[in-house]
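Chemist: sequence isn't available, so here's the structure alone:
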């Protein structure tokens, strides 16, 4: 009887958690179709995320590292524009449908599935007197790159503020290529990812994508969810 009571309580707590997530992170917000009015005005981040970033930025500056955000929140419409521009480019080069989608998703997400929709993820650079011509390039963050001091500082300290690299340099990781500039605020992004997975398993995400005129076949999409959406730093998957 005690065992049954325990499972009833546990299940009730789980249901209450999901209900709370429904109200805090509605599906339109998760897919970038509804601006969260609570996002900050400076970076369009969830306030707790911006607070954590500002503290990290101040502490890094004390050590001579100036961290700057170059990309944060991105709406569905903006991601759709990026996606369709690349789609047109690769189709004009004669790539098949599958080849085109595979090429796009080396670095770019399918609209509605981007972590940048959530107000928890940031792309960062080191502010320098002389900046590289192209900012978000892997070589800039290497041992010989312009942003190497910041990358080393982040490797040692980012986790203290709740930030983790999303697309790590790990040969066993699937999906998007290594992005040394993309960090996520784990205390909140893990909760949103969990809600995304729940909504996706219910079949609620793909119809939103297709309604926007992006025709992704189910086999490709299902594989993409496993390899790309879930192909991230395992520390961001610990629910």
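Modeler: Cool, got the structure. Owing to the predicted nature of the structure, the values given are computational and were not obtained by experimental measurement. Numbers count the residues shown, from 1 in each chain.
Chemist: Provide the secondary structure category for residue 124.
Modeler: Assigned by DSSP: H, G, I helix; E, B strand; the rest coil, the conformation of residue 124 is strand.
Chemist: that one contacts residue 68, correct?
Modeler: Yes: with contact defined as Cβ atoms under 8 Å, residue 124 reaches residue 68; the gap is 6.5 Å. For glycine as for every other residue, the C-beta is placed from the backbone atoms N, C-alpha and C.
Chemist: when the two are compared, which one has more neighbours?
Modeler: Neighbours per residue (other Cβ atoms under 10 Å) separate residue 124 from residue 68, with residue 124 holding more: 27 against 15.
Chemist: following the lowest-mean-pLDDT helix or strand in the chain, which helix or strand shows up next?
Modeler: Ranked by mean pLDDT, DSSP states H and E, the weakest helix or strand in the chain is helix 2-24, scoring a mean of 46. Next along the chain after helix 2-24, taking DSSP states H and E as the criterion, comes helix 27-30.
Chemist: run the chain-centre distance for the helix or strand just after that following helix.
Modeler: Once the chain leaves helix 27-30, the next helix or strand it forms, by DSSP H and E, is helix 47-62. Offset of helix 47-62 from its chain centre (Cα atoms, centre = their mean, to the nearest Å): 19 Å.
Chemist: which SS class is residue 69?
Modeler: Classification of residue 69 by three-state DSSP places it in strand.
Chemist: that one pairs with what?
Modeler: Per DSSP bridges, the residues bridged to residue 69 are residue 124.
Chemist: wait, isn't it in contact with residue 122?
Modeler: Yes: between residue 69 and residue 122 there is a contact at 5.0 Å, judged by Cβ under 8 Å.
Chemist: any residues in contact with both of the two?
Modeler: 43, 53 (Cβ atoms under 8 Å, 6 or more residues apart in numbering).
Chemist: and the two? Which one has more around it.
Modeler: Per other Cβ under 10 Å, whichever of residue 69 and residue 122 has more neighbours is residue 122, with 26 against 18.
Chemist: my guess is the more buried one contacts residue 40. True?
Modeler: No: using Cβ under 8 Å, residue 122 makes no contact with residue 40, being 12.0 Å away.
Chemist: residue 45 versus residue 116, what's the distance?
Modeler: Distance, residue 116 to residue 45, by Cβ to Cβ, to the nearest Å: 10 Å.
Chemist: tell me the pLDDT at residue 158?
Modeler: Note on residue 158: pLDDT of 98.
Chemist: start the count at 13 instead of 1 going forward.
Modeler: Taking 13 as the first residue, the last one we looked at is residue 170.
Chemist: so it: helix, strand or coil?
Modeler: helix.
Chemist: now for it, how many residues are close by?
Modeler: 19.
Chemist: do I have it right that it meets residue 69?
Modeler: No: assessed by Cβ under 8 Å, residue 170 is found out of contact with residue 69, at 11.4 Å.
Chemist: pLDDT weak spots in this protein?
Modeler: Where the chain drops to pLDDT under 70, the residues are 13-35, 47-49.
Chemist: the residue most central in space within it - nearest residue in space that isn't next to it in sequence?
Modeler: Nearest to the mean C-alpha position of the chain, by Cα atoms, centre = their mean, lies residue 127 at 2.6 Å. In space, and not counting its chain neighbours, residue 127 is closest to residue 133: 4.4 Å by Cβ to Cβ, 6 or more residues apart in numbering.
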